[in-house]
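Q: next input, structure requested:
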Amino acid sequence: MTILMLSKFFYPHIGGVEKHVVEVSKQLIRKGHRIIVLTLKHDPKLPEIETSRGVKIIRLPYSESKWIIWKNLWQKRSLIKSVDIIHCHDIFFWYLPFKFLFPKKPIYTTFHGWEGDFPIPKKNILIRKLSEKLSWGNICVGDYIRKYYGTKPNYITYGAITLEPDGRRDRVLSECIFIGRLEKDTGIEKYLKALKAIKQKHDLKITFVGDGPYRSQARKIGPVTGMVKTIQPYLKKPAYIFASSYLTILEAMAAKRPVFALYQNPLKKYYLQQFPGARYMRISSSADELIKQFDNALKNPKKINQMIDKAYHFAQTQTWGKVTEKYLELWKL
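A: Next up, the predicted model:
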């Protein structure tokens, strides 16, 4: 089968959606399917067409205008017509005109995240409902999408990891790392308050792996790496990880690192508490609670080590193969 994925950005752009599409595509290729990704050219130096890791990538000129995107997609209508299945990653509106041009073409959607505003604007919910109704089926990354957008998911996933052999993973007890975007919707203001206090109280080195508008505030606490292609090198040493996105949490668990997360609104609370691995991490509602949980972790290393082991075994069950099976079941392949 030839499957066309629509994703706003794709490799080598960095992000959770991009990683999800890459890993699922790799699994599908191993099963004999042909994968084409239609995306925007986020860097003008990138070629319009290339093949990477077996995936054919077609890049449209970058634009935030839906009219220009529709115009550029119209020039690709023969491609859209030729493929067997089309799968949108959040951006169903790209395909909207073609839904009526090719009414019998199988079209599906994965809903990956929220737009960062809470309460969620009614317009955003309406767009999601329209995307859901016009799709043949959907996958939601997190049960919170069902609760807060009213989406009826065919399948729910929380992402996955690439399995690695078990081994000894020494931790540098004097190092901590925050991983994520340095933006308001990640709860960064609360994290900064907590991490500043933790650094002063315990004399720890704190590194921020990510980038965003709060970069200058973060640099007052510790070094900021900016966006990185992979977080794996940064998981090798630190004793403690602060993060609140599914993929990062899973990768930290797989690296045998204890995870601390906090939420800043009811949506993020539900997002974290409904995560299947929530019992194997520490979740807090405020900077003060996060500081307290961290202090308790230092006082009870045996308990934290037990949590690390359970989290590791849980993470090992979350594979991209299992995520891909949901896609195949959704498409009835």
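Q: the stretch 1-150 of the chain: strands as residue ranges?
A: 2-7, 34-40, 49-52, 55-60, 85-89, 107-111, 138-141 (DSSP state E, counting those that start in this stretch).
Q: any chance of a markdown table for those strands, columns distance to K19, mean neighbour count and mean pLDDT?
A: Quick note: C-beta positions are derived from backbone N, CA and C, even for glycine. Converted to a markdown table, the strands of the stretch 1-150 of the chain look like this (distance: least, CB to CB, whole Å; neighbours: other CB atoms under 10 Å; pLDDT from 0 to 100):
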| stretch | distance to K19 | mean neighbour count | mean pLDDT |
| --- | --- | --- | --- |
| strand 2-7 | 11 | 22 | 98 |
| strand 34-40 | 13 | 22 | 98 |
| strand 49-52 | 14 | 11 | 96 |
| strand 55-60 | 13 | 19 | 98 |
| strand 85-89 | 11 | 25 | 98 |
| strand 107-111 | 13 | 24 | 98 |
| strand 138-141 | 12 | 24 | 98 |
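Q: now render these as JSON lines, adding distance to E251.
A: JSON lines is the format used below for the strands of the stretch 1-150 of the chain (distance: least, CB to CB, whole Å):
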{"stretch": "strand 2-7", "distance to E251": "20"}
{"stretch": "strand 34-40", "distance to E251": "22"}
{"stretch": "strand 49-52", "distance to E251": "21"}
{"stretch": "strand 55-60", "distance to E251": "22"}
{"stretch": "strand 85-89", "distance to E251": "20"}
{"stretch": "strand 107-111", "distance to E251": "20"}
{"stretch": "strand 138-141", "distance to E251": "15"}
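Q: closest to S174 out of those strands?
A: Proximity to S174 (CB to CB) singles out strand 138-141 among the strands of the stretch 1-150 of the chain, at 34.5 Å.
Q: that closest one packs against which elements?
A: Packed against strand 138-141 by the contact rule (3 or more CB pairs under 8 Å, 6 or more residues apart in numbering; DSSP states H and E) you find strand 107-111, strand 155-157, helix 320-331.
Q: quick check: the closest residue to N154 other than its chain neighbours vs I161, distance?
A: Leaving aside its sequence neighbours, N154 sits nearest to G137 (CB to CB, 6 or more residues apart in numbering; 4.4 Å). Separation of G137 from I161 (CB to CB, to the nearest Å): 25 Å.
Q: same question, A218
A: 26 Å.
Q: more neighbours, the two?
A: Comparing A218 with I161 by other CB atoms under 10 Å, the one with more neighbours is A218, at 23 against 19.
Q: quick one: the more buried one is in a helix?
A: Yes: membership of A218 in a helix is supported by DSSP: H, G, I helix; E, B strand; the rest coil.
Q: ok, it touching V224?
A: Yes: if you go by CB atoms under 8 Å, A218 and V224 touch, sitting 5.2 Å apart.
Q: where do the strands of the stretch 201-333 of the chain begin and end?
A: Using DSSP E, counting those that start in this stretch, strands in the stretch 201-333 of the chain cover 205-209, 238-242, 259-262, 282-284.
Q: tell me the domain boundaries of this structure?
A: According to automatic domain parsing, the chain comprises the domains 2-160+319-331, 172-316.
Q: tell me how far the last one is from the chain's mean position?
A: What that stands for is domain 172-316. 15 Å (CA atoms, centre = their mean, to the nearest Å).
Q: on that earlier part again, quick one: contacts for the residue nearest to N154?
A: Y108, N154, L330, W331 (CB atoms under 8 Å, 6 or more residues apart in numbering).
Q: for the second one, grab the count of nearby residues.
A: The reference is to N154. Residues near N154, counting by other CB under 10 Å: 16.
Q: pLDDT at it, what is it?
A: pLDDT for N154: 98.
Q: next one: the third one
A: What the model reports for L330 is a pLDDT of 98.
Q: I figured it was touching T157, is that so?
A: No: contact between L330 and T157 fails when scored by CB under 8 Å: they sit 10.6 Å apart.
Q: among the contacts of G137, which two are most distant?
A: For these, with distances taken as CB to CB, the pair at the greatest spread is N154 and W331 (10.3 Å).
Q: ends of stretch 112-126, how far apart?
A: Start-to-end span of stretch 112-126 (CA to CA, to the nearest Å) is 16 Å.
Q: now it: buried residues?
A: H112, G113, W114 (16 or more other CB atoms under 10 Å).
Q: stretch 326-333 too?
A: K326, Y327, L330, W331.
Q: CA atoms only: put it into PDB for me.
A: Provided in PDB are the C-alpha atoms of stretch 326-333 (Å, rounded to 0.1, in the frame of the first residue of the first chain):
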ATOM      1  CA  LYS A 326      -3.000   0.700  15.900                       C
ATOM      2  CA  TYR A 327      -2.500   2.400  12.500                       C
ATOM      3  CA  LEU A 328      -2.800  -0.800  10.700                       C
ATOM      4  CA  GLU A 329      -5.900  -1.800  12.600                       C
ATOM      5  CA  LEU A 330      -7.400   1.700  12.000                       C
ATOM      6  CA  TRP A 331      -6.800   1.300   8.300                       C
ATOM      7  CA  LYS A 332      -8.000  -2.300   8.400                       C
ATOM      8  CA  LEU A 333      -4.800  -3.600   6.800                       C
END
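Q: this completes my enquiry, with thanks.
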